[in-house]
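> Sequence first, then the predicted structure:
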Amino acid sequence: MKIKDLEVLKNSRLAMGLSLFLIAALAATLIAKEANRTVYVWASASELAPGNLITESDIKATSVLLPESAKNYLSASAQIVGSVVQHRISTGDLIPIAAIATVLPGAGQLELKAVPLTIESTDLPMGLSRGEIVDIYAIPTSGQVSITESILVSEGVTVSAVAAQNNSGKASVVISLPQSLVLTVLTHLSNSRLIIVRSNY
């Protein structure tokens, strides 16, 4: 092989090496740039429904790529524990800014009241949990005359908490109700049989 051919081969290898180096450097730059667009936002760790108060166990910080829409979601640096859910958020979903509201002193938590109900464990769906949406029906019991047939007491009610069944075979369920419906539900609780129906089944 001639000396000229060797020089051409050497120069070709050098050019290829430089090209590979430049490609690797460009790739590293693009990866670093993409990584810089990663942000941490709050995501739901459980089912959340309107009226639920957010607790520490309800949220988790999640790293996501949101180059343009990051402003629509809550940064993981935002303090949202104690805020009220305004729109349903499924487990694992990112939490939009519009989905929660800050509770102000005297604001009445969106005018919702936490109402405890103690009912027969057979009168609510199996596996009922916090964050679900339910309907409440009242059915007549023997000897009571306030209602003569089953009626819908309230629909689209948020479950705030569910306690374990006690030894008496009853279950405790806390629901979020507007002030205007609290007395109605409690009245039916005292003189009829309440049935909880899962409405988002």
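Everything's here; your move.
> only C-alpha atoms for contact and neighbour calcs from this point on.
Noted.
> For the longest strand out of those in the chain, which residues meet the burial criterion?
As assigned by DSSP state E, the longest strand anywhere in the chain is strand 151-162. Buried residues in strand 151-162, counted by 16 or more other C-alpha atoms under 10 Å: 153-154, 156-162.
> Sort out which one of the residues you listed lies nearest His87 for me.
Of all these, His87 sits closest to Thr158, with 11.0 Å by C-alpha to C-alpha.
> That closest one reaches Gly131, doesn't it?
Yes - using C-alpha atoms under 8 Å, Thr158 is in contact with Gly131, at 6.3 Å.
> list the residues that contact both of the two?
Shared contacts of Thr158 and Gly131 (C-alpha atoms under 8 Å, 6 or more residues apart in numbering): 49-50, 52.
> Quick one: end-to-end length of stretch 134-153, please.
Terminal residues of stretch 134-153 lie 11 Å apart, using C-alpha to C-alpha, to the nearest Å.
> May I see the buried residues of it?
Those would be 134-141, 153, for stretch 134-153 by 16+ other C-alpha under 10 Å.
> List of residues touching that stretch?
If you take C-alpha under 8 Å, 6+ apart as the criterion, stretch 134-153 is touched by 154-159, 184-185, 188, 191-200.
> one step back: please identify the pairing partners of the longest strand of the chain and their relative orientation?
As defined by DSSP bridges, the strand partners of strand 151-162 come to strand 133-139 (antiparallel), strand 170-178 (antiparallel).
> tell me the two of the buried residues of stretch 134-153 that are most distant?
Pairwise distances across those (C-alpha to C-alpha) peak at 21.6 Å, for the pair Val134 and Thr141.
> By mean pLDDT, point me to the weakest helix or strand of this structure.
helix 108-111 (a mean of 52; mean pLDDT, DSSP states H and E).
> Specify the residue ranges that define each domain of this protein.
When the chain is parsed with automatic domain parsing, its domains come out as 1-36, 38-101, 111-198.
> Need the buried residues of stretch 134-153 in JSON lines (columns: distance to Val81 and pLDDT).
Below are the buried residues of stretch 134-153 laid out as JSON lines (distance: C-alpha to C-alpha, whole Å; pLDDT from 0 to 100):
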{"residue": "Val134", "distance to Val81": "24", "pLDDT": "89"}
{"residue": "Asp135", "distance to Val81": "27", "pLDDT": "91"}
{"residue": "Ile136", "distance to Val81": "29", "pLDDT": "91"}
{"residue": "Tyr137", "distance to Val81": "33", "pLDDT": "91"}
{"residue": "Ala138", "distance to Val81": "35", "pLDDT": "88"}
{"residue": "Ile139", "distance to Val81": "38", "pLDDT": "86"}
{"residue": "Pro140", "distance to Val81": "41", "pLDDT": "83"}
{"residue": "Thr141", "distance to Val81": "42", "pLDDT": "77"}
{"residue": "Val153", "distance to Val81": "31", "pLDDT": "87"}
